[in-house]
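A.B. asks: what shape does this take:
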Amino acid sequence: MDATSKMGKELQELGAFILAGAKKPDQLCIIAEMIREACGYRFVGIYKIIRGDFVIVAKTGKCPPAYPRFPITQGLAGAAVEAKQAIMVADVHKDPRYLPTFGSTQSEIVVPVITEAGKVVGLIDVESEKLNAFTENDRDFLEHAAYLIARALK
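C.D. replies: A predicted model of the protein is given here:
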């Protein structure tokens, strides 16, 4: 199976899980893990916008991020919300907007979660310990996942 059809299969499974009513914290963690596993990511965080802040509602791994809550105007996440589009950064240490989540992060992609009505309700944050870790395939996959996740974050 090639990478594109594998990602399509993973998105179908993710969509089915969300359509079945996944909204609880443990279910959101399963969603984050499904995304992480689909592409072999090191870290996936799902943030919900609550009263003007990004608040982490699900993540993979044991370590908490350095910023479990921060204003929607800060960081790469804030830039993605403002632009209403994904932002990929090949080397986070060269981008002044980067808010460190883990000391070992080298590259990051942040994807806003946008409802069908066009309202940003959250964000998917994926981080890697490798430089230039993300491609357009990652962006496409995560944008599709964000579209599905919008239903779970409402």
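A.B. asks: in stretch 61-76, what's buried?
C.D. replies: For stretch 61-76, the neighbour count (16 or more other C-beta atoms under 10 Å) marks 65, 67, 70, 72, 75-76 as buried. Just so you know, the C-beta spots here come from the backbone N, C-alpha and C atoms, and that holds for glycine as well.
A.B. asks: in helices, which of these appear?
C.D. replies: Among the buried residues of stretch 61-76, the members falling in helices (DSSP state H) are 75-76.
A.B. asks: closest one of the buried residues of stretch 61-76 to Gln85?
C.D. replies: Leu76 (11.8 Å; C-beta to C-beta).
A.B. asks: per-residue pLDDT, the closest one?
C.D. replies: In this model, Leu76 is scored at 96, pLDDT.
A.B. asks: same question, the one 4 residues further on
C.D. replies: pLDDT, Ala80: 97.
A.B. asks: helix or strand: which one has it?
C.D. replies: Assessed by DSSP states H and E, Ala80 sits inside helix 75-83.
A.B. asks: dump the C-alpha coordinates for the helix or strand of the chain with the lowest mean pLDDT into CSV.
C.D. replies: None of the helices or strands of the chain scores lower by mean pLDDT, DSSP states H and E than helix 3-19, at a mean of 82. Only the C-alpha atoms of helix 3-19 are listed here, as CSV (Å, rounded to 0.1, in the frame of the first residue of the first chain):
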residue,chain,number,x,y,z
ALA,A,3,1.6,6.3,1.5
THR,A,4,-1.4,8.2,-0.1
SER,A,5,-3.8,5.2,0.2
LYS,A,6,-2.5,4.5,3.7
MET,A,7,-3.3,8.1,4.7
GLY,A,8,-6.7,7.8,3.1
LYS,A,9,-7.4,4.7,5.1
GLU,A,10,-6.3,6.4,8.3
LEU,A,11,-8.5,9.4,7.6
GLN,A,12,-11.5,7.1,7.0
GLU,A,13,-10.9,5.4,10.3
LEU,A,14,-10.5,8.8,12.1
GLY,A,15,-13.6,10.1,10.5
ALA,A,16,-15.6,7.0,11.5
PHE,A,17,-14.4,7.3,15.1
ILE,A,18,-15.3,11.0,15.2
LEU,A,19,-18.7,10.5,13.5
